[in-house]
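> Give me the fold of what follows.
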Amino acid sequence: GEVYSAVFAPSGGSIASASEDGTVRLWDVESAECRWTFAGHKGEVYLATFSNDGRLVVTASEDCTSRLLSASSGECERTFEGHLEAVYRAEFSRDGQRVVTASLDGTAAIWVAATGERASALVGHCGQVKFACFSPDGRFAATASEDRSVKLWDASAGSCLWTFGHEDTVYVAAFSPDSQLLATACEDGVAAICAVASGQRLRMLEGHEASVSWVEFSADGQLVVTASWDETARIWCAQSGACVELLEG
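Residues are numbered from 1 along each chain as shown. The predicted structure is shown next:
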């Protein structure tokens, strides 16, 4: 089946892949050999990604669950159950103690990695939630939805702090390294940068001629990169919102 994602471990020595065939596989980078295969999901697996220490892998699956796997053995250590439709995205907090999931049931959830307990249900979107992530400082979670909005949540209380609207489905939200800014990528061809503290829109990154499918800050927070269905990527100045590079070809 199709491979939906392939992600390097923090060490760079292995890769976790997630597939349409319902499996997660761990590959050795040097030898290209498969170290283990996890086949416990009962549906397609959209994503498998590592904790920052590289010891765990979290998955997102069509079977409405997310699994916590041992990166060394592939054994399932925890199952996060409670979503009513497919889990489209799952991601660890930076300290590895929590997992956030985004589901096509219109909700997101925050889970305790050590116990599998659901700490918070992030309820408020009125459409599929396409993406969820923690801020680097762990204080916030952001969700992006087909209801044309991004929401910022208090990661401890599970309460919605603000909502920012777009003109179409929002695919991705990304925090700056200092957790002060949030960038969004939208089907309407526009990316935006908001202030985390207020939800106020600071910049509109306009120039793409089709949907913006990805957005991410550089490691120093000075630049933003966007990927688009217009067959280009663009690099923007986070401070001014000006496009500084057009990557095409």
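> When you work out contacts or count neighbours from here on, use the C-alpha atoms and nothing else.
Noted.
> Glu209: helix or strand, and which one exactly?
In the assignment (DSSP states H and E), Glu209 maps to no helix and no strand.
> List the contacts of it.
By CA atoms under 8 Å, 6 or more residues apart in numbering, Glu209 lies in contact with Gly189, Asp230.
> oh, and call the first residue 121 from now on, that's how I've got it
Sure, I'll start numbering at 121, so the last one becomes Glu329.
> my guess is Phe251 contacts Val292, does it?
Yes. Here Phe251 reaches Val292: they are 5.7 Å apart, a contact under CA atoms under 8 Å.
> Quickly list what's touching both of these two.
The contact sets of Phe251 and Val292 overlap at Thr263, Ala264 (CA under 8 Å, 6+ apart).
> which residue sits closest to Glu122, ignoring its sequence neighbours?
Among residues not flanking Glu122 along the chain, Glu140 sits closest, at 5.2 Å (CA to CA, 6 or more residues apart in numbering).
> An error on my part: the question was meant for Val270.
Excluding its sequence neighbours, the residue lying closest to Val270 (CA to CA, 6+ apart) is Ala264, at 4.6 Å.
> helix/strand/coil for the nearest residue to Thr221 once chain neighbours are set aside?
Computed as CA to CA, 6+ apart, the closest residue to Thr221 that is not its neighbour in sequence is Ala210, at 4.4 Å. Under DSSP: H, G, I helix; E, B strand; the rest coil, Ala210 falls in the strand class.
> secondary structure class for Ser333?
Here Ser333 is recorded as strand under three-state DSSP.
> Could you report the separation of it from Leu281?
The gap separating Ser333 from Leu281 is 25 Å, by CA to CA, to the nearest Å.
> Looking only at neighbour counts, state which of those two leads.
Between Ser333 and Leu281, counting by other CA atoms under 10 Å, Ser333 is the more crowded of the two (21 against 14).
> ok, now which ones touch the more buried one?
Contacts of Ser333 (CA under 8 Å, 6+ apart): Tyr291, Val292, Ala305, Cys306, Glu307, Thr346, Ala347, Ser348, Trp349.
> The first one and Ala252 touch, don't they?
No. If you go by CA under 8 Å, Tyr291 and Ala252 don't touch, sitting 9.7 Å apart.
> Overlap of the contact sets of those two?
Residues touching both Tyr291 and Ala252 (CA under 8 Å, 6+ apart) are Ala264.
> who touches Thr157 in this structure?
Thr143, Val144, Arg145, Leu146, Gly194.
> 6 Å - rerun?
By CA atoms under 6 Å, 6 or more residues apart in numbering, the contact set of Thr157 is Val144, Arg145.
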